[in-house]
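**Q** sequence and predicted model, in that order:
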Amino acid sequence: MSTSDIRPNGVAPHPTTTQPTASNDPDAIREDIERTREELAETVDALHAKLDVKTQAKERVARVKDQATTDTGKPRPEVVAGVVGAVLLIAGLVWWRKG
């Protein structure tokens, strides 16, 4: 995309956007309108998904939970070991600071 493709408002067109029909044919105009509606709907859906923080957070929690548990829902041994190690490290640091 070159700088000549950027619109006067500073926004570049959607990469799949097609040029409007130069024809006066009603069917071609209807097809152009329908194509534009579809592109707009895709853009709105993409923006909605990107701005839906609550859903993104839920999906992230689900991914982390899936990574931290086995297929049966039990914590993975390496996760348990990591948590135990972290607790022991913190306890050791507290004990060391007090001593």
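**A** Done, it's in. Numbers count the residues shown, from 1 in each chain.
**Q** switch to C-alpha atoms for all contacts and neighbour counts from now on
**A** Fine.
**Q** which helix runs longest in this structure?
**A** Across the chain, the longest stretch assigned as helix under DSSP state H is helix 26-51.
**Q** for that one, buried residues please.
**A** 32, 36, 39 (16 or more other CA atoms under 10 Å).
**Q** need the pLDDT of the last one.
**A** In this model, residue 39 is scored at 96, pLDDT.
**Q** distance-wise, check it relative to residue 77.
**A** Counting by CA to CA, to the nearest Å, the gap from residue 39 to residue 77 is 47 Å.
**Q** again, but for the first one
**A** Counting by CA to CA, the separation of residue 32 from residue 77 is 57 Å.
**Q** in a markdown table: the buried residues of helix 26-51, plus distance to residue 93.
**A** Below are the buried residues of helix 26-51 laid out as a markdown table (distance: CA to CA, whole Å):
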| residue | distance to residue 93 |
| --- | --- |
| 32 | 68 |
| 36 | 62 |
| 39 | 57 |
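**Q** distance check, the closest residue to residue 23 other than its chain neighbours against residue 68.
**A** Leaving out its chain neighbours, the residue that sits closest to residue 23 by CA to CA, 6 or more residues apart in numbering is residue 29, at 7.3 Å. Computed as CA to CA, the residue 29 to residue 68 distance reads 54 Å.
**Q** understood, closing this out.
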